[in-house]
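Asker: A predicted structure for the sequence below; I have some questions about it.
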Amino acid sequence: MAQQPLLSLPEFQSVSTGTLVVKEPLNFWAGARVKPKDTNNSEPVYEPATGRVLCDMIPCGEEEVDEAIKSAHSAYLKWSKLSGMERARIMLEAARIIRVNACNVAGLKKIAKNGNIYTSYLRMVFLYSGQHIQLPGGSFAYTRREPLGVCVGIGAWNYPFQIAAWKSAPAMACGNAMVFKPSPMTPVTAVMLAEIYKEAGVPDGLFNVVQGGAETGGLLCHHPMVAKVSFTGSVPTGKKVMEMAAKGVKQVTLELGGKSPLIIFKDCELENAIKGALMANFLTQGEVCCNGTRVFVQREIMPQFLEEVVKRTKAIPVGDPMCEETRMSALISKPHMEKVLGFIKQAREQGAKVLCGGEQFLPNDPKLKDGYFVSPCVLDNCRDDMTCVKEEIFGPVMSVLSFDTEEEVLQRANNTTFGLASGVFTRDIARAHRVAANLQAGTCYINNYNVGPVEVPFGGYKMSGFGRENGQVTIEYYSQLKTVVVEMGDVESIF
Ligand SMILES: NC(=O)C1=CN([C@@H]2O[C@H](COP(=O)(O)OP(=O)(O)OC[C@H]3O[C@@H](n4cnc5c(N)ncnc54)[C@H](O)[C@@H]3O)[C@@H](O)[C@H]2O)C=CC1
Ligand SMILES: C[N+](C)(C)CCCC(=O)O
């Protein structure tokens, strides 16, 4: 097999921060990049680490959305007739291309793991099946899993490639087509995925990318040929998407925000709990929906915990995302950086103590002088009623709270409208499972945090949404069940 990158487009070349300029059109349907029709509403897209313009995002209008959806529909008609194994062969090739390119291109390294999702859905080909039910007199029924049709994916900016992969892989494995709209702040990587699919042999039109913001998103949700909308983003937008989908009785999956609790009991293995707390808060500079940002620490171990967490937080290398040693980089945008700094300021005003970080950060490298960096921050003296403890910050800010008893901490941990994830560190096995059972969240990590194998279902409780991504269960969210009833005798009629 070729070990060279298979794709020749500029985005796939080895890039370093401050050099990439994207000029190619960023819409993709019917198997090719498509030039935007109307460039009037173009918006600049910034490179977070340098603040320079990377490309322009030009939103799709009604006619373009319609073209993309029609191209998806015609591809779906053919793709849905293939057997699961035929579909799997093509998707495995996509996985291979992702891995080969990831080995060669620095910028793709972080997304290499996404290849796993296709391998994982290969196994599901065997599960994409129905049931046989015996009925009296030799009659029987059987069920068939069938695709939904054209599915829309709408993504947030924090994991632009991963979100596109997590949505399109199960959708396509189940025989659907997808039209994906990335966030206007991260328009590039979904088109890279479209190129990868094309190279792998995915039929033209099966995976399409339209660019745009709220308006384009609305056009997608309202389109009569769309069967399902899978959305990742904030709670307020999720509600709007659900409302629009309801008008056409379309299925929805909502992956929304969170303010997840991480509970650290005094009997924990402290070294692991500290590592877990850092992973739960500072991964991807805190821009992770399932982060455990309310860290409840049992009072007796608070001093040791804080000392060690602060020491390690101060040592996190912040800087160029393309450097091997960097562990944290810039926030997505200037307004977002200001929002995060605003949360920290408000936390101080409400009585929290900043133990470290929480300021705009200027890395030594001069090319990063206009980047949107914030030094990772640990907040002590937090109370449950503070804004920093109640609202999703989506930045590198850990709020630490003390607790005394299991009963008390469970009640406080669940006192939120969110319910995406949760975590517990303890050596007491019964307590671990009892706490996991009582936390109102879609995921509970025991003695770890933020591990996300694609075999494992992911999704929210309460206002964090519903439906699941990843894992075997996702089949249910991208297919519908048909029942076929077979009579082997004569029709018994009451007439
Ligand atoms: N649960 C999960 O899996 C994840 C949740 N998130 C959440 O996403 C949020 C951050 O992402 P943002 O991009 O700022 O969220 P957002 O809700 O502003 O935007 C998400 C997407 O929806 C689109 N959109 C905006 N208005 C729309 C409308 N009226 N109709 C249709 N589409 C519309 C945007 O263009 C974007 O593509 C955070 O709250 C975070 O918690 C982020 C990643 C993962
Ligand atoms: C961190 N991880 C991979 C477990 C989940 C990321 C979910 C998201 O924020 O999109």
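Answerer: Yes, it's here. Ligands and ions are numbered 1, 2, ... in the order given.

Asker: from here on, contacts and neighbour counts on C-alpha atoms
Answerer: Will do.

Asker: got the contact list for the nearest residue to residue 328 once chain neighbours are set aside?
Answerer: Once flanking residues are discounted, residue 328 sits nearest to residue 318: 4.7 Å by CA to CA, 6 or more residues apart in numbering. Taking CA atoms under 8 Å, 6 or more residues apart in numbering as the definition of contact, the neighbours of residue 318 are 326-329, 363, 373, 375.

Asker: residue 376 too?
Answerer: Taking CA under 8 Å, 6+ apart as the contact definition, residue 376 lies against 282, 285, 313-314, 316, 356-358, 396-397.

Asker: repeat that with 6 Å
Answerer: Applying CA atoms under 6 Å, 6 or more residues apart in numbering, one finds that residue 376 lies in contact with 357-358, 396.

Asker: of those residues - the most surrounded one?
Answerer: Looking at these with neighbours defined as other CA atoms under 10 Å, the largest count falls to residue 396 at 28 neighbours.

Asker: surely it is in contact with residue 285?
Answerer: Yes: Residue 396 lies in contact with residue 285 (CA atoms under 6 Å); the separation is 5.1 Å.

Asker: quick check: which helices or strands does the worst-scoring helix or strand of the chain on mean pLDDT pack against?
Answerer: Taking all helices and strands of the chain together, the one with the lowest average confidence (mean pLDDT, DSSP states H and E) is helix 115-125, at a mean of 72. Other helices and strands packing on helix 115-125, by 3 or more CA pairs under 6 Å, 6 or more residues apart in numbering; DSSP states H and E, are helix 84-104.

Asker: in the helix it packs on, what counts as buried?
Answerer: When neighbours are counted by 16 or more other CA atoms under 10 Å, the buried residues of helix 84-104 are found to be 84, 87-104.

Asker: residue 412 and residue 210, how far apart?
Answerer: 42 Å (CA to CA, to the nearest Å).

Asker: show me what from the stretch 151-300 of the chain comes close to ligand 2.
Answerer: Residues of the stretch 151-300 of the chain lying near ligand 2 by CA under 6 Å from any ligand atom: 159, 288-290.

Asker: contacts with ligand 1 among those residues, please.
Answerer: Checked against ligand 1 using CA under 6 Å from any ligand atom, those yield the following neighbours: residue 289.

Asker: pull up the residues of the stretch 201-350 of the chain that are close to ligand 1.
Answerer: Contact residues (CA under 6 Å from any ligand atom) of the stretch 201-350 of the chain with ligand 1: 213-214, 217-218, 232-234, 237, 240-241, 255-258, 289.

Asker: identify the farthest-apart pair in those residues.
Answerer: Every pair in those was compared (CA to CA); the two farthest apart turn out to be 218 and 258, at 23.7 Å.

Asker: stretch 398-416: how far from the chain's middle?
Answerer: With CA atoms, centre = their mean, to the nearest Å as the basis, the distance from the averaged C-alpha position of stretch 398-416 to the chain average is 26 Å.

Asker: only alpha carbons, please: show it as CSV.
Answerer: Taking only C-alpha atoms (Å, rounded to 0.1, in the frame of the first residue of the first chain), the coordinates of stretch 398-416 have been written out as CSV:
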residue,chain,number,x,y,z
MET,A,398,-11.2,24.6,36.7
SER,A,399,-13.5,25.5,39.5
VAL,A,400,-12.7,23.7,42.7
LEU,A,401,-15.4,23.1,45.4
SER,A,402,-15.0,21.2,48.7
PHE,A,403,-17.5,18.7,50.1
ASP,A,404,-17.9,16.5,53.1
THR,A,405,-20.3,13.6,52.4
GLU,A,406,-21.3,11.4,49.5
GLU,A,407,-25.0,12.2,49.9
GLU,A,408,-24.3,16.0,49.9
VAL,A,409,-22.0,15.9,46.9
LEU,A,410,-24.4,13.9,44.8
GLN,A,411,-27.2,16.3,45.5
ARG,A,412,-24.9,19.3,44.5
ALA,A,413,-23.4,17.5,41.5
ASN,A,414,-26.9,16.9,40.1
ASN,A,415,-28.2,20.4,40.8
THR,A,416,-27.7,21.6,37.2
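
Asker: tell me the buried residues in that stretch?
Answerer: Judged by neighbour count (16+ other CA under 10 Å), stretch 398-416 contains these buried residues: 398-403, 409-410, 413-414, 416.

Asker: pull the most distant pair out of these.
Answerer: Between any two of the buried residues of stretch 398-416 (CA to CA), the greatest distance is 18.9 Å, for 398 and 410.

Asker: returning to that earlier point: can you narrow the buried residues of helix 84-104 down to the ones near ligand 2?
Answerer: Near ligand 2, judged by CA under 6 Å from any ligand atom, there are no entries from those.
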